[in-house]
Structure formats: C-alpha cells, structure tokens
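Peer 1: Sequence first, predicted coordinates after that:
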Amino acid sequence: MDLLRETAPFLVGMLVPPLVMLVTRPGWSGQARFIAAFLPALVLGFCTSYLAGELLSGMPDALIAFIIDASLVFTGGQLTYRFIWKPLLEARIARWTGAPLEPAPRRVRSE
C-alpha cells in the first residue's frame, strides 16, 4: 500500500502534460508556462494526499505529505513531457491550434 501511495502521484503527473500543452501558447513567457505547469501539480498533489488519507494525520505530517505528493506530480509531468509527450504531440497540437512552432530561445553565455 505504501508503494501505491508513493507511485500514484507520479503516475497521475504523467497524464498532465497533454492538458498543459493545450492550454499554453508559444508566445507565453517562461514564468507563465511554469505557472501553467505548476498549478495543476499543486491541485493534483492535494487531491492525491486527500484521497490517500494523508491530510488527516495532523499539520506537520499533512504538510510534508502534500509537498511530497505535489513534487512527485510535478516531477512525473516534467519527465514525461520531455521524453514522451513533447516528441509525440507537439507538432499535432500546433496544427490543431494553428500556432506556429517556435524553438525555445537559447541562452548565450558571454565570456
């Protein structure tokens, strides 16, 4: 049962990136994209903590459980976005929304 409590938020997070990809637009700033990816992780982290009954254990333990679950949801979402969802869906979503594909800006280090 403990294994399920720890893997469930990660598995839930794996399903979030396609929804975030539909919401975000290429012209959005990096901060807006981060917020669009982080808010669902917070909500789903709270929901998984609640459904697992971890929020009933008192304030310090409940807060730690919420932080762990939210970070697992966010980590699962970011990993699957980078390695699975982005290569599979980016071109299709761009065609559906009519938004042109824009490469991510590259940072140049000045020496």
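Peer 2: Here it is on my side, so go on. Numbering: from 1, shown residues only.

Peer 1: Can you point out the buried residues in stretch 60-67?
Peer 2: Going by neighbour count (16 or more other Cβ atoms under 10 Å), the buried part of stretch 60-67 is 65, 66. All C-beta spots, glycine's among them, are computed from the backbone N, C-alpha and C.

Peer 1: outside of that stretch, which residues touch it?
Peer 2: Applying Cβ atoms under 8 Å, 6 or more residues apart in numbering, the contact partners of stretch 60-67 are 45, 46, 49, 52, 54, 55, 56, 57.

Peer 1: Please repeat the previous calculation with a cut-off of 7 Å.
Peer 2: Among residues not part of stretch 60-67, those counted as contacts by Cβ atoms under 7 Å, 6 or more residues apart in numbering are 45, 46, 49, 54, 55.

Peer 1: Name the nearest of those relative to residue 92.
Peer 2: For the contacts of stretch 60-67, the closest approach to residue 92 (Cβ to Cβ) belongs to residue 45, at 28.2 Å.

Peer 1: Residue 3 and residue 10, how far apart?
Peer 2: Using Cβ to Cβ, to the nearest Å, we find residue 3 at a distance of 11 Å from residue 10.

Peer 1: Can you pick out the residue with more neighbours from those two?
Peer 2: Neighbour count, other Cβ atoms under 10 Å: between residue 3 and residue 10, residue 10 has more, with 19 against 7.
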